[in-house]
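predicted coordinates and the sequence they were generated for:
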Amino acid sequence: MYLFEYQAKALMREKGIPVLEGIVATSEQRALDAARELGEGPWVIKAQIHAGGRAEGRVCDSEHLRGIEFTDTVLEVGRTAARMLGENLVTPQTTRQGETINAVYIEPEIRAELQVFLAILIDGDRGEPVCLASVKGGSQVERDIFDDPNSLVRVSLGAADHIGLDVGQDVAAQLGLRSSVRDAFAQLVQQLHALFVDRDLSLIEINPLAIRANDSLVALDARVTVDDNALYRQPAMAALASRTDRSEAEERAAKNGFNFIRLDGDVGTFSSGAGLAMATLDAVSHLGGRPANFLDVPPVLEVSRVKEAFLLILSDPGIKSLIVNVFGAGIMRCDTIADGLLLAHLEQPVTIPLVMRLAGTNAPLAISRLERSGLSLQFAPDLASGAQMVVEGADRRPATHNADSIAGRLAQWLSGRNPGSSS
């Protein structure tokens, strides 16, 4: 579960972590009042969305309005907030549709002598928290670290519930911070770790952390992600969830019991099992394709749920091709996937290149059904060749087929069901 910046900073403030005073506004008038309450400017107006890269993003329908804006006048604070609210913000970390701005966060603008990137997250290989830090903080941090990997400091924090000040001192020394700020920095790392453990977080990030000329530290931005699997024991954190936390598509997926995340690409993916779904994304990306989604359908017997998953993908007008990569095992059968696709095709005809890689339980039966369906598709013997086919297929469209051509066959395969109704 993602938190908005203002929620993340409220948690940090409770732990004594230095953050600026800020005010949330959901209207132009509240933004004007907030600027006056915060005192003399200049001010910064920040769109509140669950994605980073706001400073590089653009508000839809506005070539010059970013997700983070600075201004010197109270009136301009209100005008800027009004232009942001209700609009979608597209950043390098959102989909092409962007995310809707329902609130802005207003803070005083401050100048910093040095900006540092600082984060704690779970090391997937070791299953333990790790601290990452760099003196190349700010909106370009990912690009800067990519250009200079040695600028990133990485320190394992172990599995203990508490860490000593020596850990933060070590990080500060590796960053080359001046001795006068190392004690405060070490205390900050300790506080972040305590918050990370107490609230069952999977990520806590400050970017940038301002180090001012007077040696004071201030978190200028904050990102927090809560472990969804721990929300049952974190009711206060669960209560912070926004009703707009998930998109309509993600809500639809959750309702039908599968995992879906929309990405900013044009190659649709369909898999059963999170590991296989990730491998499919990697294979498509490796060959230069841009995945349009992550979709993981857990092992199911209900054809209706598989159909809904296909309908969700096919409803995206930006998808130019689709790969289905399924290994049937346990209760998951390949013929269930085939039947779900054919039922979905009756409601939302497939008009894009479709690549099927089916293996495991009932794969020959599923392939036979699909071959006799009249549906235009290609079969791949393995993931590598399937990924190659679907990436190439993103540049072309297959001939369309009349949905009626498979209705009779569906009636034979699914005896007793009305082919025109949902299962």
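That came through, no problem.

what helices or strands is the helix or strand hosting residue 80 leaning on?
Assessed by DSSP states H and E, residue 80 sits inside helix 74-84. Identification of packing neighbours for helix 74-84 by 3 or more Cβ pairs under 8 Å, 6 or more residues apart in numbering; DSSP states H and E yields helix 28-38, strand 43-47, strand 68-71, strand 104-108. (Each C-beta comes from the backbone N, C-alpha and C, glycine too.)

max-length helix in this protein?
Longest helix in the chain, counting residues (DSSP state H): helix 179-198.

that one: what's the following helix or strand?
Tracing the chain C-terminally past helix 179-198 and defining elements by DSSP H and E, one meets strand 201-211 next.

returning to what we had before: got the contact list for the longest helix of the chain?
Helix 179-198 has contacts (Cβ atoms under 8 Å, 6 or more residues apart in numbering) with 11-12, 15-18, 118, 120, 129, 131, 157, 161-169, 171-173, 177, 201, 204, 206, 209, 211, 215-217.

re the thing from before, tell me the most buried of the helices and strands packed on helix 74-84?
Burial of these is given as mean neighbour count (mean count of other Cβ atoms under 10 Å); strand 43-47 ranks first at a mean of 26.

tell me what whichever helix or strand comes after that one is packed against?
Going down the chain from strand 43-47, the next helix or strand is strand 58-59, by DSSP H and E. With contacts taken as 3+ Cβ pairs under 8 Å, 6+ apart, strand 58-59 sits against strand 88-90.

mind running it again at 7 Å?
Contacting strand 58-59 under the criterion 3 or more Cβ pairs under 7 Å, 6 or more residues apart in numbering; DSSP states H and E is no other helix or strand.

how far off centre is that strand?
Distance, stretch centre to chain centre, for strand 58-59: 18 Å (Cα atoms, centre = their mean, to the nearest Å).

what strands line up against it, and which way round?
Strand 58-59 has the following strand partners under DSSP bridges: strand 88-90 (antiparallel).

identify the residues contacting the partner strand?
For strand 88-90, the external contacting residues (Cβ atoms under 7 Å, 6 or more residues apart in numbering) are 47, 49, 54, 57-60, 67, 96-101.

how about those residues in JSON lines, adding distance to residue 345 and pLDDT?
Listed next are these as JSON lines, based on distance: Cβ to Cβ, whole Å; pLDDT from 0 to 100:
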{"residue": "47", "distance to residue 345": "40", "pLDDT": "95"}
{"residue": "49", "distance to residue 345": "35", "pLDDT": "92"}
{"residue": "54", "distance to residue 345": "40", "pLDDT": "91"}
{"residue": "57", "distance to residue 345": "37", "pLDDT": "89"}
{"residue": "58", "distance to residue 345": "37", "pLDDT": "91"}
{"residue": "59", "distance to residue 345": "38", "pLDDT": "92"}
{"residue": "60", "distance to residue 345": "33", "pLDDT": "84"}
{"residue": "67", "distance to residue 345": "40", "pLDDT": "93"}
{"residue": "96", "distance to residue 345": "26", "pLDDT": "78"}
{"residue": "97", "distance to residue 345": "25", "pLDDT": "80"}
{"residue": "98", "distance to residue 345": "31", "pLDDT": "87"}
{"residue": "99", "distance to residue 345": "31", "pLDDT": "89"}
{"residue": "100", "distance to residue 345": "32", "pLDDT": "90"}
{"residue": "101", "distance to residue 345": "37", "pLDDT": "93"}
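
now, of these, which are buried?
Buried subset of the contacts of strand 88-90 (neighbour count, 16 or more other Cβ atoms under 10 Å): 47, 49, 54, 57-59, 67, 98-99, 101.

need the buried ones from the contacts of helix 179-198 selected in PyMOL.
Only the buried entries of the contacts of helix 179-198 go into this PyMOL selection, using 16+ other Cβ under 10 Å:
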select buried, resi 11+12+17+18+118+120+129+131+157+163+167+168+169+171+172+177+201+204+206+209+211+215+217
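
select from the contacts of helix 179-198 every entry located in helices.
Using DSSP H, these in helices are 11-12, 165-169, 171-173.

one step back: the helices and strands packed on helix 74-84: which one's closest to residue 370?
Nearest to residue 370, of all these, is strand 43-47, at 45.4 Å by Cβ to Cβ.

output the contacting helices and strands for that closest one.
Other helices and strands packing on strand 43-47, by 3+ Cβ pairs under 7 Å, 6+ apart, are strand 68-71, helix 74-84, strand 104-108.

quick one: closest of those to residue 26.
strand 104-108 (7.9 Å).

that closest one pairs with which strands, and in what direction?
Applying DSSP bridges, strand 104-108 is found paired with strand 23-25 (antiparallel), strand 43-47 (antiparallel).

what sits up against the longest one?
Read it as strand 43-47. With Cβ under 7 Å, 6+ apart as the contact definition, strand 43-47 has outside contacts at 5, 35, 54, 67-71, 77, 80-81, 84, 89, 101, 104-109.

quick one: it to chain centroid distance?
Chain-centre distance of strand 43-47: 22 Å, with Cα atoms, centre = their mean.

perfect, that will be all.
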